[in-house]
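# compute the structure for the input listed below.
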Amino acid sequence: MPTRAEILKIAREYQGTPYRHRGASLDGIDCANFIVQVGKRAGCLPASLELPLYNPRPDPELFELVLAYGDPIPLSEARPGDVLVLCHPERGPAPQHLAIKTDDGMIQVFPGLSIRKVCEHNIDAEWEEAIIGAYRFRGVTD
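Numbers count the residues shown, from 1 in each chain. You can find the predicted model right below:
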């Protein structure tokens, strides 16, 4: 069974990886494949899991597929190594982004802005407002 520390170690290996729509490697990655690749490497997701083609816009079916391998948890119970679901209301009500929770923040792929890579950062009030859900990979231990 993977531990939270193992999930965070794997996720941190992606720091600095550039954003690439539908990318699934250290050469370039997007938020959905970031979660899938971390989950696969940690042994939480099937090694054969591949995401179907999808648009860069929010795709509820894509999020359902990615999150089908985890269990929803109350936000108040989210712990390091859990998956955070984000939504920026100005872009619509559907989930739009995924990240991995850390002790004081999250690790995520920044597809926009000037960053365009995987970064770890603290959760400020703006990010806190964007978090709409949390999932836990199945089988994770402390």
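# how much space separates G139 from R79?
14 Å (CB to CB, to the nearest Å). From N, CA and C alone the C-beta is placed, and that goes for glycine too.
# just checking, next helix/strand downstream of the longest helix seen in the chain?
Secondary structure assigned by DSSP state H gives helix 31-42 as the longest helix of the chain. As assigned by DSSP states H and E, the chain's next helix or strand after helix 31-42 is helix 60-67.
# what mean pLDDT does that next one get?
Averaged over helix 60-67, pLDDT sits at 77.
# in it, what's buried?
Using 16 or more other CB atoms under 10 Å as the test for burial, helix 60-67 gives L62, F63, L65, V66, L67.
# how about the second one, nearest residue that isn't a chain neighbour?
Nearest non-adjacent residue to F63, counting by CB to CB, 6 or more residues apart in numbering: P95, 4.6 Å away.
# wait, is the one you found part of a helix?
No - read with DSSP: H, G, I helix; E, B strand; the rest coil, P95 is coil and lies in no helix.
# okay, it: pLDDT?
At P95, pLDDT is 82.
# next, it: phi, psi?
Phi and psi for P95, reported as degrees, to the nearest 10, are phi -60, psi 140.
# could you tell me how many residues sit around it?
Counted with other CB atoms under 10 Å, the burial measure for P95 works out to 19 neighbours.
# all set, thanks.
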